[in-house]
Structures are given as C-alpha cells and as structure tokens.
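**Student:** Could you work out the structure for the sequence below:
(4 chains)
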There are 2 protein chains.
Amino acid sequence: MESITPIRRKVTLTDIAASTGVSRATVSLVLRGSPLVNKLTRAKVEAELRRQGYVYNRAAANLRRRTSSSIALVLNELANPFFAEFAAGVDETLGAAGFVTLLGSTGESIEREQAVLASLIEHGPGGIILSPAEGSDAQQVLATVGAQTPLLLFNRELGGSLPEFAHWDRLMLDNQRGARLATEHLIAQGHKRIAFFGGHRDSSSCRQRHAGYVEAMTAAGLTMASQWRVETAPTRLDAAHRCGELFTHEPAPTAAVCYNDAVALGLMLGLNQRGLQPGRDFAVTGFDDVAEAAFSTPALTTLATGPRERGRQAARTILVRLREPEADTSFIVAPAQLVVRESSAPPRSS
Amino acid sequence: MESITPIRRKVTLTDIAASTGVSRATVSLVLRGSPLVNKLTRAKVEAELRRQGYVYNRAAANLRRRTSSSIALVLNELANPFFAEFAAGVDETLGAAGFVTLLGSTGESIEREQAVLASLIEHGPGGIILSPAEGSDAQQVLATVGAQTPLLLFNRELGGSLPEFAHWDRLMLDNQRGARLATEHLIAQGHKRIAFFGGHRDSSSCRQRHAGYVEAMTAAGLTMASQWRVETAPTRLDAAHRCGELFTHEPAPTAAVCYNDAVALGLMLGLNQRGLQPGRDFAVTGFDDVAEAAFSTPALTTLATGPRERGRQAARTILVRLREPEADTSFIVAPAQLVVRESSAPPRSS
DNA sequence: GCAAAGATTTAGATCGTTACAAAAGCCGCA
DNA sequence: TGCGGCTTTTGTAACGATCTAAATCTTTGC
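**Tutor:** Here you go, the predicted structure:
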C-alpha cells in the first residue's frame, strides 16, 4: 500500500522503467532525447516521467560520465556591488550554458579562501573563477585546488609564482591605463597640481592605478609632491576624514585622481565640509562607475569597468577552457572606459 | 610508465587502497575519521592521501548516502546590494555548516525563475532559499521543485495558494510596521501633510509599506490626498523625474514616506532641482538603509533591515528544517529598525 | 521463405563512495 | 589447545545514472 502523504522517496529511472515495462537503458535514452528510441516507446516513457514527477539526478549522471555541470565562483567580497554585478553576469552566462554556479565568499580573508576552495573542490566543479583575497598566494591555491581543475583568475594577480604546468587563465582590469586616462583628462582640463588620493599601498589594484597616474604625470612633465599621495581605507568614511591631508602644504593640489568611487565620493564629502565645492573649486575622478556616481552632486567623472559584462566574459572564458583544456592560456586585460561628468571641471584660476 | 605531465586523472579511494595495501572500506573509514581503524593503519593511509593529493568526491558520497551538501539560493535580483548582502550572509552560514551555495539569479523574470529552479533541482540541493520574482506563483514553483525539497521563501509571498502539504518556511520583512514607524516619526516631527512616494502598486512590498503608511496616518486622524501617492519605478532616476507630481495641487505635502532608499535619494535630487532643500524644506524617509543613506546630504532617515543578518537567519532556518523535516513550518517577520538622520526634520513653518 | 540489414531494446559493468554483515587477528584464560 | 570476546579489516551490494556490446525485433531483397 502506498503512502498517503505526497512525501515519498525520489522517483528514479528504475521506477519509470518498471512501470512502463522497458529497461533502464531505454528510459535513459529517452531522457537524453536519443533518436534511437521508437516514437511510441518515447511517448509512453515521457508520459510516465511526467506522471510520476521524475527529476533528473545530474550528480549521478556526472559521476558516471566523469563530467561536471558546475563552476565555482569564489569572490573576495560579494557584498561589494561591483562583485555582485560580476556574479550576476557570471551566473547569467553559466546558466544559459546549462551550468550551475557554486558560490563562495571569502570576506577578503586568506584563511577563509583556503577553506572555501577546499570545500568547493570536493563538489567537483568543472572550473573555478577566483577573485582572490588580498595577499593570496599561488602555491597555496594550487595546493588546495590541484592542477586538474581549470581556474580563471579575476581582478587580482596571485602572490608568488605559479608553476607553468598550471595553465590558469586571467581576466584583469586595465587599472593602470584607466588611471592614466583619468589623469590625462585632468591634465587636459588644465590642472597641473594633481594628487593621487585613497587606497592602500599593499593592494595591487591601487599600485597599478597609481602607476598609471605617475605615467601620465611624468609624460606631461608634471611633478608630484609626496604629500599628494594620501592613503586611506577604500571607504567613503575614511576618505572624508583624510581630505584635509591634501591641504597641509602650499601650494595645494587643484585636483585628485581617486583610487575608486567610494573614495572619490568620500573626498567630495570632505571637500564640502571644508567649504570647497567639488567640481568647481577642486576636480575629482573616481574608478568603477558605481550606480551612485551618476547621481552624486556633482556627478562623478570615473572609469567604467562593466562588471556585469566582465562576469559574462569570465564565464565564457572558463567554458571555452572546459572544451579545450589544452588551448593556450588566455590573458585578457579589459579596458576601463572614461566617463566624463561634472566633477572634473577645469581649475578655477584658468 | 607514468605520464610526465602533472595532469592525470583524479585519484580515488581505490588508488589509495591499492597503494597502501588495505581495502577501500578501510580508507573510507579513515576519511571519515572513524575510531574503528588502527592508529598505524590510519597514519599510513593519511600519509598516502596527502602524497597522492587525494580529493574527496562529495557527489559520489552524497549519491550513496542519499544526502545533500548544498542549498540552492535563488534571488530575483542579485545585483541589488540588498540581495548581495543577503547572499553573503547566506553563504557565510552555509559555508560554516559545511554546505555549499548553488546560486541562481532570475533577473525578476518568472520564466527564468522556472528555468533556474528546474536546473538547480536537478543538482539535488538539500533545500532552497527563494526570493521570488514579482508575480511568481505557488503552484508553478511547487510543480517544478516538487514537495520533497524544503523551501524557504524570503522577502516576498508567492501568488496563489500553496497546498498545505508543502510546508514551506517563510522569512519576511516587516514592511508594514517599518513604514508605519517612519510615518509616525514624521508625524511626531510635526508633519501633517505626508505623501507616500514611489514604488509600483503591483509590488507586494510596496503595498505593505503603503498599508503601514495608511495605518499611521489614519491612527493620527490625518487625511491623505490622492495626489500624494505617486508611483514610480524603484529607481533613483524615475523618482527624481516624478518629484514634481507632489506639488501639482495646493496645499502641497511637507514630507514624504518613500518606498525605498533609491526612491528617496532620487526624490531628494528632484527636490534640489526645484530649489527645495531636503531635510529643511521637505522631509524624506527611505527604506533599506543602503550604504549610501548615511552619506547623502542630508543623511537619510530610513529603515534598516539588516540584509546580512537576514541571510544568516535564512540559512540557519533552512538548516534546521533539514534536520527536522517534519517540524512546524516557521514564519518569521523580521523587524525593520528606524534609523533617524537628518532628512526628516520638522516642517519649516512649525 | 530466408538471410542480411536496419531499427530498437537491453543486460551488465561501471563511476567513487558508503553500509552491512561477516571474517580475521589477537588476547587472555580455562 | 580451544574458545569466547575484543579490535580491525574487508567483500559485496548498493546509490542513480550511462556506456558498451550484444540481443532482439522488423524490414527488405531476392
């Protein structure tokens, strides 16, 4: 006698085979839409599949076929809108390809990164998309994920050297060129005393952006005073606090290239508090083009990186790698696009 | 002769058993830390596990044990910072419990929600956390996920009635009470003509928030003019555009309870453009307490919902359900906390 | 009417792990 | 020596799918 409640054990291939009177193999063929099976048999089996509410067990199939239908996505900070957009892009593309996203958030901690990777790898993802925590090391990552599983590095390089047999793809943002564009734009606007504001020196993206700034300044023959480089936490609050450090020595800068939008918005806040109107008395540029940048007053000139499109791109890249494990490793540097708004007006004096 | 490249097929239990000269069963016991195995054997096996770089195949184990070590997380809009925070909270708690998060983002489309759920369910998650797309229907969801897999509904109710045998947990925000608190706060500040601004009438959270507003107004004996309810897309831009609609009839309102923070920030933008200074000439409240709320000028009075903590809570709830499938279904309504800042000053006249 | 060719179907092994019950080893003690 | 009572170890059958090769069943050609 059958249970009355709708809660019963999962229905499998074998159940369907039994109640249609065909073999498991045939049901399996039907499931996969094989042209081998007879029309009538197919119809009969499909009816039974629906009737019993069969759901495919992809894990079992993957085990047998030695394939995978998932990709692990490990992010250093999911709560950050930039990465949230990125994740949405990844999931969108993976989903369309029939893959499922295994999520892992490390909260910028190397220990958690190790733990998360170790846990995810046990679920046998076909590949890994990793935006490493600051200070994460190639050897360590390799030790926990092994050389079997393709890995795509996003946003940051790993510390240490990675063995060349581990061909890992990389997708980076062109931080240096982006910051150079911003700096060149400020220079073209007529600014001569330009600061580099915010970020931590030990962050690789900060170093790259600073390098771009230096490049543009040097090329233009402009000098950089040491007090024009101010380090901050990459947050609005800390940036607002440290605004004053730009104005301790005369002559003060008339513009600042900021590490990112959060810092830029914080700086604008700090400027307001000092009675300076950003965009008129002092020019500011950001990096990232967060949603808010377009709506701040003044609207923020910044560099758009297209996080959602980067996510799609990362997903596409890793999917290609699954099909072509031995293809050359790719190294994509995605351009950052300068979006000129109101915060980067010419200096007042000119 | 062994392959020279480090790329070789995955090492399994059987490999370890063969090269240590014990049975697969024993290796399995070692892996699971069983007290049955002899110290020396354990040491020998563990050494070999490390030497060969063995990684546990959880999918195979789950198949055999008929268990699951994953939870599906399906969100209507991952790119929204609120849900990104929520996802981070979910993943944090699931990860700590040894579970992995299967991510799915539906982009507020019912069709994609169906597709995503259908795909995820094939991977056999132990449970599902679902923040449904607007207009999603209980029958449909039930049809694709079945009654076997526990489901926790977050943020929104489903349309249609769900069969009582599907005991689905629910975790909702107290939208109504939150909006009531905001309205009461404005009333306490001395406002009498208060509008409800933004959001779509067919969104359930908007309806609930509006209900809270009506409740407070009615309780205070205040009247509500019909032109004081303005519908907008839940975006800053549209909100800024529609600001004028509040001022078409005299007497105009002196304050507005906004559907959410994005709308409130947009409204403040619109007010500025009309020469009204929000927080002085016109009071505004939001909902969500996004990061920006604390930094806008004026800082936004709003309702904090603690998305990250909600994520943790959702994860805890579904984990409990996995252990106790037959326990009573839970229905949690998380309170929203009023955060008073500068945007909700008393009216100028008083 | 019968064999060869083609169309369908299927038994049985297998993927990497765990559960079960039974088998070894080992020890002390009668 | 033999036997109960430990501690360890292990063969074998699952889990739910797929693959392979072979077995059926139909046609078709002559």
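
**Student:** Quick one: residues in contact with stretch A:262-272.
**Tutor:** The contact list for stretch A:262-272 (C-beta atoms under 8 Å, 6 or more residues apart in numbering or on different chains) reads A:197-199, A:232, A:234-244, A:256, A:258, A:277-278, A:281-282, A:284-288, A:290, A:292-293, A:296, A:298, A:300, A:302, A:343, B:295, B:297. (Glycine included, C-beta is placed from N, CA and C.)

**Student:** What are the neighbouring residues in contact with the closest residue to chain B within the stretch 51-200 of chain A?
**Tutor:** Using C-beta to the nearest C-beta, the point where the stretch 51-200 of chain A gets nearest to chain B is residue A:84, with a distance of 3.5 Å. Residue A:84 is in contact with A:78, B:78, B:79, B:80, B:81, B:83, B:84, B:87, counting by C-beta under 8 Å, 6+ apart.

**Student:** Now do the nearest residue to it once chain neighbours are set aside, the pLDDT please.
**Tutor:** Closest residue to residue A:84 apart from its sequence neighbours, by C-beta to C-beta, 6 or more residues apart in numbering or on different chains: residue B:84 at 3.5 Å. On pLDDT, residue B:84 comes in at 96.

**Student:** next one: residue A:292
**Tutor:** On the pLDDT scale, residue A:292 gets 84.

**Student:** for stretch A:50-57, how far is the first residue from the last?
**Tutor:** 15 Å (C-alpha to C-alpha, to the nearest Å).

**Student:** filter the contacts of stretch A:262-272 to the buried ones?
**Tutor:** Among the contacts of stretch A:262-272, those buried by neighbour count (16 or more other C-beta atoms under 10 Å in any protein chain shown) are A:197-199, A:232, A:234-236, A:239-243, A:256, A:258, A:278, A:282, A:284-288, A:290, A:292-293, A:296, A:298, A:300, A:302, A:343, B:295, B:297.

**Student:** In strands, which of those residues fall?
**Tutor:** The strands in this structure, assigned by DSSP state E, contain A:197, A:256, A:258, A:284, A:285, A:302 from the buried ones among the contacts of stretch A:262-272.

**Student:** of the residues you listed, closest to DNA strand C?
**Tutor:** residue A:302 (48.2 Å; C-beta to the nearest atom of the strand).

**Student:** Now do the contacts for that closest one.
**Tutor:** Applying C-beta under 8 Å, 6+ apart, we find residue A:302 in contact with A:182, A:261, A:264, A:285, A:286, A:287, A:288, A:289, A:293, A:338, A:339, A:341.

**Student:** And for residue A:305?
**Tutor:** Counting by C-beta under 8 Å, 6+ apart, residue A:305 has contacts A:82, A:173, A:178, A:287, A:288, A:289, A:334, A:336, A:337.

**Student:** Phi first, then psi, for the last one.
**Tutor:** With angles defined as degrees, to the nearest 10, residue A:337 shows backbone torsions of phi -110, psi 130.

**Student:** what's the spacing between it and residue B:49?
**Tutor:** 49 Å (C-beta to C-beta, to the nearest Å).

**Student:** just the fifth one next, same as before
**Tutor:** Distance, residue A:288 to residue B:49, by C-beta to C-beta: 44 Å.

**Student:** Show me the shaky parts of chain A.
**Tutor:** Across chain A, the ranges flagged by pLDDT under 70 are A:1-8, A:165, A:349-350.

**Student:** one step back: among the contacts of residue A:305, which one has the most neighbours?
**Tutor:** residue A:287 (30 neighbours; other C-beta atoms under 10 Å in any protein chain shown).

**Student:** Contact partners for it?
**Tutor:** Residue A:287 sits in contact with A:175, A:178-179, A:182, A:209, A:258-261, A:264, A:302-303, A:305, A:336, where contact means C-beta under 8 Å, 6+ apart.

**Student:** Am I right that residue A:128 sits in a strand?
**Tutor:** Yes. Assigned with DSSP: H, G, I helix; E, B strand; the rest coil, residue A:128 falls within a strand.

**Student:** Count the neighbours of it for me.
**Tutor:** With other C-beta under 10 Å as criterion, residue A:128 counts 23.

**Student:** Surely it is in contact with residue A:70?
**Tutor:** No. In this structure, residue A:128 is not within contact of residue A:70 by C-beta atoms under 8 Å, at 10.2 Å.

**Student:** The residue in the stretch 251-350 of chain A that DNA strand C sits nearest to is in what secondary structure piece?
**Tutor:** Taking C-beta to the nearest atom of the strand, DNA strand C has its nearest neighbour within the stretch 251-350 of chain A at residue A:325, 16.8 Å off. Assessed by DSSP states H and E, residue A:325 sits outside every helix and strand.

**Student:** What's the separation between residue A:209 and residue A:335?
**Tutor:** Applying C-beta to C-beta to residue A:209 and residue A:335 gives a distance of 14 Å.

**Student:** Need the residues touching each of those two.
**Tutor:** Counting by C-beta under 8 Å, 6+ apart, the residues touching both residue A:209 and residue A:335 are residue A:178.

**Student:** In terms of neighbours, single out the busier of the two.
**Tutor:** residue A:209 (30 against 14).

**Student:** What helix or strand is that one located in?
**Tutor:** Using DSSP H and E, the element containing residue A:209 is helix A:204-219.
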